[in-house]
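>>> below is the sequence, then the predicted model.
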Amino acid sequence: MHQMARLFQRYGHRVHAVGVHRADLKLSLPEDLGYPVTNLYPEHPPTPRPVRGLRRLDVRRRRREADRIAEKKRVVDRLSELFATARPGGILIVTQVWPMEWLREADTAGLTVIGMSHESYEYSKACHRYRWIKHNYPSVDRWLTLTQEDADRWIADGMHNVGFMPNALSRLPDEPSPRDSRTVASIGRLHDQKGIDLLLDTWAEVAPERPDWTLRIYGAGVEEEALKAQCTRLGLDGSVRWMGRTDDVPGALAEASVFVQSSRGEGFPLALMEAMASGVPCAAFDCAPGVREIVQDEVDGLLAPAGDSGALARQLLRLTGSAQLRDTMGERARENVQRFSEEEILRRWEDLFDFLES
């Protein structure tokens, strides 16, 4: 969201970033963003819990639910006041489907509403967000997936007003990685979606063949303890480094010769784009249209079937075993990923704004 906000602001748009609640994991952002940021709740709002029956034990539940509804009304009124400052001609971009719960009750008259989904069709359909999308997004002026392939899947599923908009590449480092270290990097939350458990299974096949290589895992999250225990069980403590969260992604990539992504599901992964922009060749699970849109298999990176740790291990063995392959794919990756430059993606946004205004 902040990347989009900075992009729009840089090209002359007035921006106000609104979050449902204050972030659990803080990003390192400039002290003065140059645009206001509003959190609707100080922490994650309560989940609606229907109260059934008339038993005395339900009194406290009823009170909590009444308090939740009253607070939600205050939040919706606050949203309506914020939206009033954007009229006429303002555009609301909802970067995740969850905030539509509040947006649908707010006064958006005179504003254009654009909804977004940052997951593939398949990943959304496998979880509760599929119902949210089907319920909330038919009412918006336009809703955007990250790839044409995903847009087509939603259209075939009966949705209308669907388009697509890739993420923008936030930076192109002045110098690519020298690719002279024996380091494989992974960057992402330590969460089931990111498949770090699958990465450890993969590395268990790579490490014996590449005893002089190290896997650096950048990220933090709720699964950290369990993943470190898995690492120990697999006998990988000597070749895996847990780097924690990093605010210096370019620095982490400059010290890597190979990047690996082991996600179970993705949208249009920025970490993959940033690795390619740094000239670091990638091996990744082909888990979403966005991944194969970014990585051209056997041209500027290597893909493996989703969830197949053995196949991903074989791709990593290819990249770690050949400096020539790393250099060739790294150079192609740095060049090819520039088709997602900020200038190109902003042009697409401006074309969309013009279309919706006409």
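That came in fine, so what should we check first? Residues are numbered from 1 along each chain as shown.

>>> contacts, neighbours, all on C-alpha from now
OK.

>>> per-residue confidence for residue 52?
You'll see residue 52 listed with a pLDDT of 60.

>>> how about residue 57?
Reading off the model, residue 57 has pLDDT 56.

>>> all strands of the stretch 51-200 of the chain, in order?
Using DSSP state E, counting those that start in this stretch, the strands of the stretch 51-200 of the chain run over residues 91-94, 112-116, 142-145, 162-164, 183-187.

>>> what's the shortest one in contact with?
Put plainly, it is strand 162-164. With contacts defined as Cα atoms under 8 Å, 6 or more residues apart in numbering, strand 162-164 is touched by 142-148, 150-151, 154-155.

>>> show me the contacts for the closest residue to residue 195 other than its chain neighbours.
Using Cα to Cα, 6 or more residues apart in numbering and skipping residues adjacent in sequence, the residue nearest residue 195 is residue 263, 4.6 Å away. Counting by Cα under 8 Å, 6+ apart, residue 263 touches 193-196, 284-285, 287.

>>> apply 6 Å and report the result again.
By Cα atoms under 6 Å, 6 or more residues apart in numbering, residue 263 lies in contact with 193-195.

>>> picking that back up, drop anything exposed from the contacts of strand 162-164.
142-148, 150-151, 154 (16 or more other Cα atoms under 10 Å).

>>> ok, so of the residues you listed, who is nearest residue 224?
residue 146 (28.9 Å; Cα to Cα).

>>> quick one, phi/psi of that closest one?
phi -100, psi -20 (degrees, to the nearest 10).

>>> closest one of the buried ones among the contacts of strand 162-164 to residue 220?
Closest approach to residue 220 among the buried ones among the contacts of strand 162-164 (Cα to Cα): residue 146, at 25.3 Å.

>>> isn't residue 215 up against residue 186?
No. Residue 215 is beyond contact range of residue 186, at 7.6 Å (criterion: Cα atoms under 6 Å).

>>> so residue 19, which of the three states?
Under DSSP: H, G, I helix; E, B strand; the rest coil, residue 19 falls in the strand class.

>>> Provide a list of residues in contact with residue 297.
Residue 297 makes contacts with residue 303, as judged by Cα under 6 Å, 6+ apart.

>>> same question, the one 4 residues further on
Neighbouring residues of residue 301 by Cα under 6 Å, 6+ apart: 281-282, 295, 329.

>>> sitting in strands, which of those do you find?
Using DSSP state E, the subset of the contacts of residue 301 located in strands is residue 282.

>>> which one of the contacts of residue 301 sits closest to residue 232?
residue 282 (25.6 Å).

>>> okay, that closest one: pLDDT?
In this prediction, residue 282 carries a pLDDT score of 98.

>>> surely it is in contact with residue 259?
Yes. Using Cα under 6 Å, residue 282 is in contact with residue 259, at 4.7 Å.

>>> who has more neighbours out of those two?
Counted by other Cα atoms under 10 Å, residue 282 and residue 259 do not tie: residue 282 has more neighbours, with 30 against 27.

>>> hmm, back to that, quick one: which of the contacts of residue 263 sit in helices?
The members of the contacts of residue 263 all map outside helices under DSSP state H.

>>> make a PyMOL selection of the buried ones in those residues.
Selection of buried members from these for PyMOL, criterion 16+ other Cα under 10 Å:
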select buried, resi 194+195
